[in-house]
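Peer 1: For reference, the sequence and a predicted model appear below.
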Amino acid sequence: MEETVKSGTLLIAEGATLPESLRLETAPYSYGWRLVKNLDLKSFSQIINQAGWNFFYIAGAIETSAFGSDKKKTTRKAVKMLLAKLSSKGFNCLEITQVESRRSLGMPYVNVSAHSRHIQKSIVLFGD
């Protein structure tokens with residue numbers, strides 16, 4: 001069953017280096033990305049911090065919109081556009097902050113906002 005993307009949803013890049021103590025249940029979402037199923041943002045962050053790792057929050061929301069009448073498919077299309085933007089910057093995690101269904105001139109669309117996140121051991125972003 002396909003998972004619903006909503007505010008607070010986390011997506012992690014496949015192959016991302018993670019602390020051993022982080023036991024994730026994930027589901028495939030998009031090529032190279034997995035949706036976290038078993039942890040909310042607070043629990044996820046606590047486990048990473050307890051392991052001595054860092055969970056960077058990148059300021060500045062990234063947003064995109066996609067047109068379509070099927071909310072689930074349209075949301076998926078919008079999230080895939082966000083992931084394409086994120087992949088080019090090297091971040092390994094995405095936090096969905098808002099999913100809104102709207103209409104413009106009678107056409108339904110979904111607006112998705114997110115923040116780039118990055119998990120790593122070093123306290124210096126992209127450090128060794």
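Peer 2: Thanks, I have the structure now.
Peer 1: What separation do you get for K80 and I119?
Peer 2: As judged by C-beta to C-beta, to the nearest Å, K80 and I119 stand 21 Å apart. Quick note: C-beta positions are derived from backbone N, CA and C, even for glycine.
Peer 1: neighbour-wise, which of these two wins?
Peer 2: Between K80 and I119, counting by other C-beta atoms under 10 Å, I119 is the more crowded of the two (22 against 16).
Peer 1: Spit out the contact partners of the more buried one.
Peer 2: I119 sits next to 12, 16-18, 48, 53-56, 92-93 when contact means C-beta atoms under 8 Å, 6 or more residues apart in numbering.
Peer 1: strands paired with the helix or strand where it lies, and their directions?
Peer 2: I119 is located in strand 107-120, with elements delineated by DSSP states H and E. Partners of strand 107-120 in the sheet, by DSSP bridges, are strand 54-57 (antiparallel), strand 62-67 (antiparallel), strand 93-104 (antiparallel).
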